[in-house]
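1. model this:
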Amino acid sequence: MELSFVLDELMGVECRVITVSDGADVPGKARELARHFENVGTPIMIGEPPAPRARCPLAESPSQRQALDHGANC
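-> Numbering: from 1, shown residues only. Just a heads-up that it's a prediction; the model follows:
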């Protein structure tokens with residue numbers, strides 16, 4: 001959360017955190033992630049607490065859209 005605050009306040013980059021209880025819940029967020037790629041287009045990172053490290057940076061190309069819509073795993 002601190003990083004998103006710094007990015008927003010100091011750099012004007014809006015951030016959003018989507019919380020899931022475990023990796024099995026990520027496919028349920030597939031449509032929300034697809035909307036992000038359609039509307040914003042920036043890459044996303046998936047991490048895990050307590051130490052928020054990027055475990056799976058994702059970006060999309062048109063050929064990857066179907067995989068994301070079907071909840072592809074990292």
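2. Read off the pLDDT value for Ala67.
-> pLDDT, Ala67: 50.
3. typo on my end, it should be Pro43
-> 72.
4. Tell me where the model's unsure across the chain.
-> Within the chain, the stretches with pLDDT under 70 are 1, 46-74.
5. Just give me the neighbour total for Glu14.
-> Glu14 has 9 neighbours, counted by other CB atoms under 10 Å. Using the backbone N, CA and C atoms, a C-beta is placed for each residue, glycine as well.
6. what's the closest non-adjacent residue to it?
-> Closest residue to Glu14 apart from its sequence neighbours, by CB to CB, 6 or more residues apart in numbering: Asp8 at 5.8 Å.
7. Pretty sure that neighbour sits against Glu2.
-> No - Asp8 is not in contact with Glu2 according to CB atoms under 8 Å; the separation is 10.8 Å.
8. Those two: which is more packed in?
-> More crowded of Asp8 and Glu2, by other CB under 10 Å: Asp8, with 12 against 7.
9. That one falls within a helix, correct?
-> Yes - Asp8: assigned to a helix according to DSSP: H, G, I helix; E, B strand; the rest coil.
10. Met45 in helix, strand or coil?
-> strand.
11. Could you count how many residues lie near it?
-> Met45 has 11 neighbours, counted by other CB under 10 Å.
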